[in-house]
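S.K.: Following is a predicted model, sequence given first.
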Amino acid sequence: MTVPAGTAVTLESGGRSGDVAVALRGAAVTLGGQTVFSNVDLEVRRGEFVAVLGPNGAGKSTLMRTILGLVPLSAGSVRVLGHEPSETRSEIGYLPQRRSFDSETRIRGVDLVRLGLEGGRWGLPLAVTAGARARRRIERERVEEVISLAGAAAYATRPIGELSGGEQQRLLIAQALVRRPAVLILDEPLDSLDLPNQAIVAALVQRVCAVQGVAVLLVAHDVNPLLGYLDRVIYLAGGKALAGPVQEVITGPKLSELYGARIEVLRTSDGRLVVVGSPEAPHHHGHRH
Ligand SMILES: Nc1ncnc2c1ncn2[C@@H]1O[C@H](COP(=O)(O)OP(=O)(O)OP(=O)(O)O)[C@@H](O)[C@H]1O
Ligand SMILES: [Mg+2]
């Protein structure tokens with residue numbers, strides 16, 4: 001299949017339309033007079049784990065921010081659970097890119113996770129039907145549940161500033177999950193994690209997808225730690241997007257079309273994908289920033 005310039009091709013998985021959590025149609029974003037991307041068509045279903053890949057500046061974070069309703073579209077539409085993003089903000093768990101805590105940060109992990117409950121709709125029916133004490137108990141149980149799901153119980157009561165990057169990351173994922181979101185957006189959650197922790201976080205995210213039926217969009221620079229966990233990828237480059245299964249999207253011909261340059265994709269004997277021919281191919285961590 002060829003990809004005409006300026007066109008996004010979506011290879012959608014099967015499923016009922018009622019399962020669609022995030023849908024973009026002909027979406028375009030212009031920032032500072034420049035088109036970041038255009039003609040993006042995309043569907044992510046409940047329980048689906050989608051990785052968002054592409055070089056620096058391709059528009060991955062911008063795409064996530066349009067789904068959150070933080071960046072307006074210049075063309076096309078975006079729907080989250082069938083509504084405008086601004087109407088469904090409380091249904092989305094969000095981990096923004098590049099967060100870190102000063103070593104002096106004294107707030108405990110468990111309190112950080114609890115902050116995720118604030119401002120959300122979760123617990124509101126309880127506020128009506130149950131007393132404040134019952135609500136606090138249920139909230140405490142919910143916080144404990146996500147901390148345990150994230151595998152962070154052992155250090156959740158320590159000050160967050162004392163924890164390692166990987167430990168902080170798991171608590172932040174727990175925070176993004178505490179309101180039981182239908183959609184989870186994680187912008188480079190594997191950033192600065194070592195390989196074992198990348199695998200742990202990838203497995204954790206897949207578990208959240210499977211157990212809670214959450215639609216996950218995870219931005220990453222390297223697809224390799226996610227292989228074996230994800231369902232599909234969205235590849236952004238050259239102002240266009242291509243979505244589909246890894247083996248259909250991360251191929252020499254498809255990426256060459258997207259980048260408008262000759263790209264080769266090699267598969268190592270242990271199954272890792274190596275994208276060659278682009279200075280910012282997604283497996284190169286060393287070129288960032
Ligand atoms: N507020 C803004 N005004 C103007 N241009 C912007 C703004 N925000 C982002 N951009 C530009 O939009 C493009 C996409 O940025 P974005 O942060 O979405 O890229 P990214 O794919 O997430 O990159 P990275 O891998 O470095 O995180 C970049 O060229 C960036 O400079
Ligand atoms: Mg980004």
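M.R.: Yep, that arrived. Ligands and ions are numbered 1, 2, ... in the order given.
S.K.: three-state assignment of Asp270?
M.R.: Three-state assignment for Asp270 (DSSP: H, G, I helix; E, B strand; the rest coil): coil.
S.K.: what's the neighbour count on it?
M.R.: 6 (other Cβ atoms under 10 Å). C-beta here means a position set from N, CA and C on the backbone, and glycine is covered the same way.
S.K.: cool, and Thr88?
M.R.: Thr88, neighbours per other Cβ under 10 Å, totals 21.
S.K.: can you check Gly76 too?
M.R.: By the criterion of other Cβ under 10 Å, Gly76 has 16 neighbours.
S.K.: and the gap between it and Ala23?
M.R.: 10 Å (Cβ to Cβ, to the nearest Å).
S.K.: Against ligand 1, how distant is the nearest residue to Glu91 once chain neighbours are set aside?
M.R.: Nearest non-adjacent residue to Glu91, counting by Cβ to Cβ, 6 or more residues apart in numbering: Ala182, 4.6 Å away. Per Cβ to the nearest ligand atom, to the nearest Å, Ala182 is found 23 Å from ligand 1.
S.K.: now Ala182: how far from Ile147?
M.R.: Distance from Ala182 to Ile147, by Cβ to Cβ: 20 Å.
S.K.: Then Val36?
M.R.: Taking Cβ to Cβ, one finds Val36 at 36 Å from Ile147.
S.K.: Kindly report the same for Val52.
M.R.: Distance from Val52 to Ile147, by Cβ to Cβ: 26 Å.
S.K.: Could you do Leu73 as well?
M.R.: 36 Å.
S.K.: ok, these two, which is more surrounded?
M.R.: Relative neighbour count places Ile147 above the other of Leu73 and Ile147, with 25 against 18, counting by other Cβ under 10 Å.
S.K.: Now do the phi/psi pair for that one.
M.R.: phi -70, psi -40 (degrees, to the nearest 10).
S.K.: Report the contact partners of it.
M.R.: Going by Cβ atoms under 8 Å, 6 or more residues apart in numbering, Ile147 touches Gly109, Val110, Val113, Ala153, Ala156, Leu171, Ala174.
S.K.: Spell out the secondary structure type for the last one.
M.R.: Read that as Ala174. Classified using three-state DSSP, Ala174 is helix.
S.K.: Report the contact partners of Val71.
M.R.: Contacts of Val71 by Cβ under 8 Å, 6+ apart are Val29, Leu31, Thr62, Arg65.
S.K.: quick one, helices of the stretch 51-200 of the chain?
M.R.: 60-67, 109-115, 124-129, 132-149, 165-177, 195-212 (DSSP state H, counting those that start in this stretch).
S.K.: what does the following helix or strand past the last one rub up against?
M.R.: Using DSSP states H and E, the helix or strand that follows helix 195-212 in sequence is strand 215-219. Applying Cβ under 8 Å, 6+ apart, the set of residues contacting strand 215-219 from outside is 21-22, 44-53, 60-61, 64, 67, 97, 182-189, 205, 208-209, 226, 230, 234.
S.K.: Now, of these, which are buried?
M.R.: 21-22, 44-53, 60-61, 64, 67, 182-189, 205, 208-209, 226, 230, 234 (16 or more other Cβ atoms under 10 Å).
S.K.: For the closest residue to ligand 2 within the stretch 1-150 of the chain, give me its contacts.
M.R.: Residue of the stretch 1-150 of the chain nearest ligand 2, by Cβ to the ion: Ser61 (3.2 Å). Ser61 sits next to Gln97, Asp187, Val219 when contact means Cβ under 8 Å, 6+ apart.
S.K.: So what's the residue count around the last one?
M.R.: Spelled out, it's Val219. With other Cβ under 10 Å as criterion, Val219 counts 23.
S.K.: and it, what are its bridge partners?
M.R.: Val52, Asp187 (DSSP bridges).
S.K.: Write out the residues of this protein neighbouring ligand 2.
M.R.: Lys60, Ser61, Gln97 (Cβ under 5 Å from the ion).
S.K.: Which ones, among the residues you listed, also lie beside ligand 1?
M.R.: Taking Cβ under 6 Å from any ligand atom as the test, ligand 1 is in contact with Lys60, Ser61, Gln97 out of the residues of the chain next to ligand 2.
S.K.: Lowest-confidence entry in those residues?
M.R.: Taking those together, the minimum pLDDT is found at Gln97 (87).
S.K.: For that one, which residues are in contact?
M.R.: Counting by Cβ under 8 Å, 6+ apart, Gln97 has contacts Ser61, Asp187, Glu188, Asp191, Val219.
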